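[1] need a structure here:
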Amino acid sequence: MYKPDLPKNAGPVKWIGPNHSFFNLSGLVHCVRLPKVASIKNPAPAVVMLHGWGGDECAMWLFKRVVPAIAAIITPRAPIELEHGSFIWFDYLDSGRQPDPDSLHDSLAKLKHFLSVLPDVYPIDSDRLVLLGFSQGAAISNCLVLTQFRQNIAGLVSLSSFIPDLPELSDQIDSLNTLPVFITHGTRDEIVPVERARHGRDLYTRLKADITYREYSTGHKVHTDGMKALKQWLRDILCEPTRGDYDQDCDPDPF
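    I've put the predicted structure just below:
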């Protein structure tokens, strides 16, 4: 059984492996870090961070520094094992650009179930749950939002990513009703051309989402200025208005 090295300097992170009862409920291996004051009476906002191609449940913890300290962080492992310690959300067809529909739809179903049960498993606020994905992790998050799954989603972050080229995605939804969406991309991205991020921006704009879009002169990664913009965006989404015990602190670790 593969178990990753848990992220260092991330606080009390708990690993939920295949033998844990919470895995049986949620269906995905994951890591979780809860604020100390989180409780049933004071549920925490949450950021669910989805890794890219070949990552695992520990790959996204570098983004911890942009997440408000009041928020729970939950990092699921993609369900398809590429090789030992390397996981993906979906495969591609021979072209290398077109997602394999079967693997994508199967992972989408698993992710929808995972998100739907999180408030039953952890003391998190079902009205303040943000999806934050990098590359393929953001791609499946985009699919999830565009297939009318809005339960528990208060915002979407798409980092160095794209909307998969599947015809059904453009036909299922008419409006996102000002859903906050943050997109950042590198103009020199050699893996996902910036034109694909611009296409996503334009689609979300047509669907009346509340778009924050940033481009930077960098490759397939998040620019430092993009991290700072994301930090402020998450604070605006998750911290206003604050509630109960969470009035005390809404800043992440120092940048």
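[2] any idea how far the residue nearest in space to the middle of the chain is from residue 28?
    Using C-alpha atoms, centre = their mean, the residue of the chain that lies closest to the mean C-alpha position is residue 132, 2.6 Å off. To residue 28, residue 132 is 16 Å away according to C-beta to C-beta, to the nearest Å. In this view, the C-beta of every residue, glycine as well, is placed from N, C-alpha and C.
[3] quick one: the helices in the stretch 101-250 of the chain?
    Using DSSP state H, counting those that start in this stretch, the helices found in the stretch 101-250 of the chain span residues 101-121, 136-146, 194-206, 224-239.
[4] tell me the most buried of the ones you listed?
    The highest average neighbour count among the helices of the stretch 101-250 of the chain, using mean count of other C-beta atoms under 10 Å, belongs to helix 136-146 at a mean of 25.
[5] same question for that helix, mean pLDDT?
    Averaging pLDDT along helix 136-146 gives 94.
[6] quick one: contacts of it?
    For helix 136-146, contacts defined as C-beta atoms under 8 Å, 6 or more residues apart in numbering pick out 49-53, 55, 60, 78, 88-90, 99, 104, 107-108, 111-112, 115, 131-133, 153, 156-164, 166, 169-170, 172-173, 176, 179, 200.
[7] starting at the chain centroid, how far to that helix?
    From the chain centre to the centre of helix 136-146 is a distance of 8 Å (C-alpha atoms, centre = their mean, to the nearest Å).
[8] do the same with stretch 97-111
    Here stretch 97-111 is found 16 Å from its chain centre; the criterion is C-alpha atoms, centre = their mean.
[9] alpha carbons of it, as CSV, please.
    Below are the C-alpha coordinates for stretch 97-111, written out as CSV (Å, rounded to 0.1, in the frame of the first residue of the first chain):
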residue,chain,number,x,y,z
ARG,A,97,-5.1,16.5,-26.0
GLN,A,98,-8.5,14.8,-25.9
PRO,A,99,-9.4,13.3,-22.5
ASP,A,100,-10.6,9.7,-22.3
PRO,A,101,-14.3,10.1,-21.5
ASP,A,102,-14.6,6.9,-19.6
SER,A,103,-11.8,7.6,-17.1
LEU,A,104,-12.9,11.3,-16.8
HIS,A,105,-16.5,10.5,-16.1
ASP,A,106,-15.5,7.8,-13.6
SER,A,107,-13.3,10.2,-11.6
LEU,A,108,-15.9,12.9,-11.8
ALA,A,109,-18.4,10.6,-10.1
LYS,A,110,-15.9,9.7,-7.4
LEU,A,111,-15.0,13.4,-6.8
